[in-house]
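K.L.:
could you work out the structure for the sequence below:
(chains A and B)
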Amino acid sequence: GDSVTQMEGPVTLSEEAFLTINCTYTATGYPSLFWYVQYPGEGLQLLLKATKADDKGSNKGFEATYRKETTSFHLEKGSVQVSDSAVYFCALSNDYKLSFGAGTTVTVRA
Amino acid sequence: DAGVTQSPTHLIKTRGQHVTLRCSPISGHKSVSWYQQVLGQGPQFIFQYYEKEERGRGNFPDRFSARQFPNYSSELNVNALLLGDSALYLCASSRIDRDEAFFGQGTRLTVV
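P.N.:
Numbering: from 1, shown residues only, chains lettered A, B, ... in the order given. Next up, the predicted model:
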């Protein structure tokens, strides 16, 4: 079945540091890939998506590229802010459902 | 436009009881999905409904059931609650069944 493996946390960074969260997937067919973010006490918000190989999703300074050859969708941001502190989930969509990774908690210190 | 709305936001139930959670999708969205998120884990798929028909079901026992109404709102029902059912229950809607999903704030269910 479909599965997503993402880098374990927690990750603690200083403001303006570079952030990368690794994500790899196993799926049949041609899934769409997503990064969702969850702030404390809230639901999930879509951060970015990519629907086919070599697509780059980007939003709010975050980027991820759909790499079919390595089955990866790593999330990166060049300069994090305290407001980026949250839990980040990598997910894939195949057919009718989303399959999520376990989540990576990111804390950014001022 | 209003986003996905879920009610109630918090709920405490006793083992063995029954619970009904409600979800209103974004206007114009015809697909509703339910997910269970246990603390410290990623969401797990429970059901998807599209145009009032069940399109998919995750690996959950028959105690879990759902339905979608003509106005595309949805209910998730859980019978004979167990302590392990304590979780954040998330509803997501999308325009069609394979489009990107927008999530509600969730219902935090605690079973004591």
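
K.L.:
write out the residues of chain B neighbouring chain A.
P.N.:
B:4, B:33, B:35, B:40-45, B:48, B:50, B:55-56, B:58, B:90, B:92, B:97-98, B:100-106 (Cβ under 8 Å from any Cβ of the partner chain). C-beta: built from backbone N, CA, C; applies to glycine.

K.L.:
quick one: buried ones out of the residues you listed?
P.N.:
With burial judged by 16 or more other Cβ atoms under 10 Å in any protein chain shown, the buried subset of the residues of chain B next to chain A is B:4, B:33, B:35, B:42-45, B:48, B:50, B:55, B:58, B:90, B:92, B:97-98, B:101-106.

K.L.:
any idea how far the closest residue to chain A within chain B lies from A:P10?
P.N.:
Nearest residue of chain B to chain A: B:G42, at 3.4 Å (Cβ to the nearest Cβ). Counting by Cβ to Cβ, to the nearest Å, the gap from B:G42 to A:P10 is 15 Å.

K.L.:
and B:F103, by the same measure?
P.N.:
22 Å.

K.L.:
likewise B:L82?
P.N.:
Distance from B:L82 to A:P10, by Cβ to Cβ: 29 Å.

K.L.:
repeat that for B:E53.
P.N.:
With Cβ to Cβ as the criterion, B:E53 and A:P10 are 41 Å apart.

K.L.:
tell me the SS of the most centrally placed residue in chain B?
P.N.:
Compute the mean C-alpha point of chain B, and by Cα atoms, centre = their mean the closest residue is B:W34, 3.4 Å away. Here B:W34 is strand, with the state taken from DSSP: H, G, I helix; E, B strand; the rest coil.

K.L.:
what is it paired to in the beta sheet?
P.N.:
B:F47, B:C91 (DSSP bridges).

K.L.:
hmm, it is touching B:L76, no?
P.N.:
Yes: using Cβ atoms under 8 Å, B:W34 is in contact with B:L76, at 5.0 Å.

K.L.:
between those two, which contacts overlap?
P.N.:
Both B:W34 and B:L76 are contacted by B:23, B:46-47, B:66, B:89, B:91, under the criterion Cβ atoms under 8 Å, 6 or more residues apart in numbering or on different chains.

K.L.:
contact partners for the closest residue to B:L83 other than its chain neighbours?
P.N.:
Of all residues not flanking B:L83 in the chain, B:V111 sits nearest, at 5.3 Å (Cβ to Cβ, 6 or more residues apart in numbering or on different chains). By Cβ under 8 Å, 6+ apart, the contact list for B:V111 reads B:12-15, B:81-86.
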